[in-house]
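> Kindly generate the corresponding structure for this input.
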Amino acid sequence: MIWKRLFGNQSKPAGPPAQPDQGDPMADWQPENPLEEAMGNVPQSADAAADFARLLLDSTVMLAVPPHDRPEGERELPQAEKFDIFLIDDGGGGATAAMFTSERRVAEAFGEGTRYIAMDGRAALTAVADIGVVINPGPVGLYLKYGPETIARILAL
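Numbers count the residues shown, from 1 in each chain. Modelled structure (predicted):
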């Protein structure tokens with residue numbers, strides 16, 4: 001996994017999120033919010049996937065960010081300010097964004113105390129549209145991977 005500047009400059013490597021070693025990764029997973037409930041239904045049908053995508057656009061999601069000098073607890077980022085996010089290995093030698101549906105999912109993937117930026121799903125998908133995204137990567141539960149083409153279709157909803 002690498003940590004890369006969202007809008008340019010590459011930076012130092014970060015540790016990988018934990019991945020399941022064995023067993024059923026869904027065994028300990030419980031949805032924490034309506035978005036995760038909808039996410040759990042995605043494998044069942046195309047209609048469920050579309051319902052999830054629509055809900056995702058209006059839900060609050062998190063993008064994990066590396067340590068920075070902004071005060072902890074600060075609630076707003078100036079509109080035009082650029083920021084760094086953690087990127088993870090896309091499985092093919094490239095990098096993709098890691099997006100989360102709750103604070104707990106950020107902690108499961110990157111550890112307690114990991115800082116993040118919360119925003120609506122439409123803004124987050126727009127920010128990562130050219131690199132793709134994995135929603136809820138980590139050791140426990142369900143994750144979804146969307147490439148740039150799928151993100152473009154979701155943003156068109």
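
> give me every residue that touches the closest residue to Ser59 other than its chain neighbours.
Nearest residue to Ser59 in three dimensions, chain neighbours excluded: Leu35, at 4.5 Å (C-beta to C-beta, 6 or more residues apart in numbering). In short, each C-beta sits where N, CA and C put it, glycine included. Counting by C-beta atoms under 8 Å, 6 or more residues apart in numbering, Leu35 makes contact with Phe52, Leu55, Leu56, Ser59, Val61, Thr101.

> Also Phe52?
By C-beta under 8 Å, 6+ apart, the neighbours of Phe52 are Leu35, Ala38, Met39, Asn41, Val42.

> Now do the SS call for it.
Under DSSP: H, G, I helix; E, B strand; the rest coil, Phe52 falls in the helix class.

> how near is it to Tyr116?
21 Å (C-beta to C-beta, to the nearest Å).

> Flag the shaky bits of the chain, pLDDT-wise.
The chain contains residues with pLDDT under 70 at 1-28, 68-80.

> In the chain, what residue spans correspond to strands?
For the chain, strands defined by DSSP state E occupy the ranges 3-5, 60-64, 84-89, 95-100, 116-120, 133-135, 144-146.

> returning to that earlier point: now render the contacts of Leu35 as CSV, adding distance to Tyr146.
Shown next, in CSV, are the contacts of Leu35 (distance: C-beta to C-beta, whole Å):
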residue, distance to Tyr146
Phe52, 11
Leu55, 14
Leu56, 10
Ser59, 15
Val61, 12
Thr101, 13
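
> Quickly list what Tyr116 is bridged to.
Judged by DSSP bridges, the bridge partners of Tyr116 are Ala64.

> Please look at it and Val65 and confirm they touch.
Yes - counting by C-beta atoms under 8 Å, Val65 is a contact partner of Tyr116 at 5.9 Å.

> before we move on, back to that, of the contacts of Phe52, buried ones?
Burial by neighbour count, 16 or more other C-beta atoms under 10 Å: within the contacts of Phe52 this picks out Leu35, Ala38, Met39, Val42.

> List the buried residues in stretch 29-38.
Buried residues in stretch 29-38, counted by 16+ other C-beta under 10 Å: Trp29, Pro31, Leu35, Glu36, Ala38.

> That stretch spans what distance, first to last residue?
Using C-alpha to C-alpha, to the nearest Å, the span of stretch 29-38 from its first residue to its last is 14 Å.
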